[in-house]
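**Q** A predicted structure for the sequence below; I have some questions about it.
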Amino acid sequence: MFNKKSPLYSILNNKCPSCHEGNFFVTSNHYDLKKFGALNDRCPVCNEDFRREPGYYYGATYVSYGLTVLFGISLFLLLCVVFSLDTVPFIITLSVFLVALLPIFFRFSRIIWIHMFVKYKEFKKN
């Protein structure tokens with residue numbers, strides 16, 4: 001779908017921001033609630049450090065906030081403007097969707113955050 005060198009490829013497939021090959025998270029299942037937020041310490045392919053300094057991923061909360069607001073506005077426009085739904089059903093629908101999508105937003109916000117600071121490097125295997 002996307003070029004393997006594209007950051008969008010790496011973000012959508014939860015891959016290392018440096019080599020776009022190694023897995024960023026321990027498990028690929030977003031809904032494995034015991035391990036959905038567990039990161040690999042290092043990339044198994046290029047050895048990029050994912051564990052940065054303490055508090056590094058606090059900045060990902062801003063990305064998560066942006067994703068949540070974007071989703072909320074999109075859902076509002078769809079349900080309230082296009083389908084003329086009332087406010088209460090919209091709030092209930094939004095709440096259900098946000099709880100269901102929490103692991104996905106959490107993961108995307110972390111991987112987008114690290115992509116802001118780590119650039120792609122062509123990695124050659126031995």
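**A** Cool, the structure landed.

**Q** Now do the helices in the protein.
**A** 7-12, 60-76, 87-117 (DSSP state H).

**Q** Residue 71 versus the residue nearest the centre of the chain, what's the distance?
**A** Nearest to the mean C-alpha position of the chain, by C-alpha atoms, centre = their mean, lies residue 108 at 0.4 Å. From residue 108 across to residue 71, the span is 11 Å (C-beta to C-beta, to the nearest Å). The way it works is simple: take the backbone N, C-alpha and C, and place the C-beta from them, glycine included.

**Q** Now do the buried residues in stretch 80-94.
**A** Residues 90, 94 are the ones in stretch 80-94 that count as buried (16 or more other C-beta atoms under 10 Å).

**Q** Show me what that stretch is in contact with.
**A** Stretch 80-94 is contacted from outside by 72, 75, 76, 79, using C-beta atoms under 8 Å, 6 or more residues apart in numbering.

**Q** where does the chain dip in pLDDT?
**A** When residues are selected by pLDDT under 70, those of the chain lie in 1, 123-126.

**Q** do that again at 90, thanks
**A** For the chain, the stretches with pLDDT under 90 are 1-6, 28, 30, 33-34, 36-37, 52-53, 85, 119-126.

**Q** Who are the contact partners of residue 101?
**A** residue 71.

**Q** ok, for the residue nearest to the centre of the chain, nearest residue in space, not its chain neighbours?
**A** Nearest non-adjacent residue to residue 108, counting by C-beta to C-beta, 6 or more residues apart in numbering: residue 67, 6.3 Å away.

**Q** Run through the residues that contact the one you found.
**A** With the criterion set at C-beta under 8 Å, 6+ apart, residue 67 makes contact with 105, 108, 109.

**Q** Burial check on residue 10, number of neighbours?
**A** 25 (other C-beta atoms under 10 Å).
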